[in-house]
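**Q** here are the coordinates; sequence isn't available:
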């Protein structure tokens, strides 16, 4: 361990992207001062978090024991 933190083991993933997507990644990297690799890692991480949230929501909605209320009922409680 270096500095009290476990070092993460990075693995390589290769992918092909269309020109417009590459241009957008390049542009975000340039504007933020981050590397293209950082931008792609962040984008994948955020996307996976969204997918995991959606999956959890779908599971909760399918659970008959879970107490689900409508948005109207929620607003009336506020």
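**A** Noted; the coordinates are in hand. Note that this is a predicted model, so its numbers are computed, not measured. Numbering: from 1, shown residues only.

**Q** I'd like the next helix or strand past the biggest helix by length in the chain.
**A** Of all the elements of type helix in the chain, the one with the most residues (DSSP state H) is helix 36-62. Later in the chain than helix 36-62, the nearest helix or strand by DSSP states H and E is helix 71-77.

**Q** Report the buried residues of that next one.
**A** Within helix 71-77, no residue qualifies as buried by neighbour count (16 or more other C-beta atoms under 10 Å). (C-beta placed from N, C-alpha, C; glycine too.)

**Q** what's the model's confidence in that helix, averaged?
**A** Per-residue pLDDT values over helix 71-77 give a mean of 91.

**Q** List the contacts of the helix or strand where residue 21 lies.
**A** If you go by DSSP H and E, residue 21 is part of helix 19-32. Outside of helix 19-32, the residues within contact range by C-beta atoms under 8 Å, 6 or more residues apart in numbering are 17, 34, 35, 36, 38, 39, 40, 43.

**Q** Next, name the residue at the spatial heart of the chain.
**A** Centroid check for the chain by C-alpha atoms, centre = their mean gives residue 46 as the closest residue, at 1.5 Å.

**Q** got a list of what that residue touches?
**A** Listed by C-beta under 8 Å, 6+ apart, the contact set of residue 46 is empty.

**Q** Next, count neighbours for residue 39.
**A** As a burial measure, residue 39 scores 19 neighbours (other C-beta atoms under 10 Å).

**Q** And for the one 3 residues further on?
**A** A count of neighbours around residue 42, defined by other C-beta under 10 Å, yields 13.
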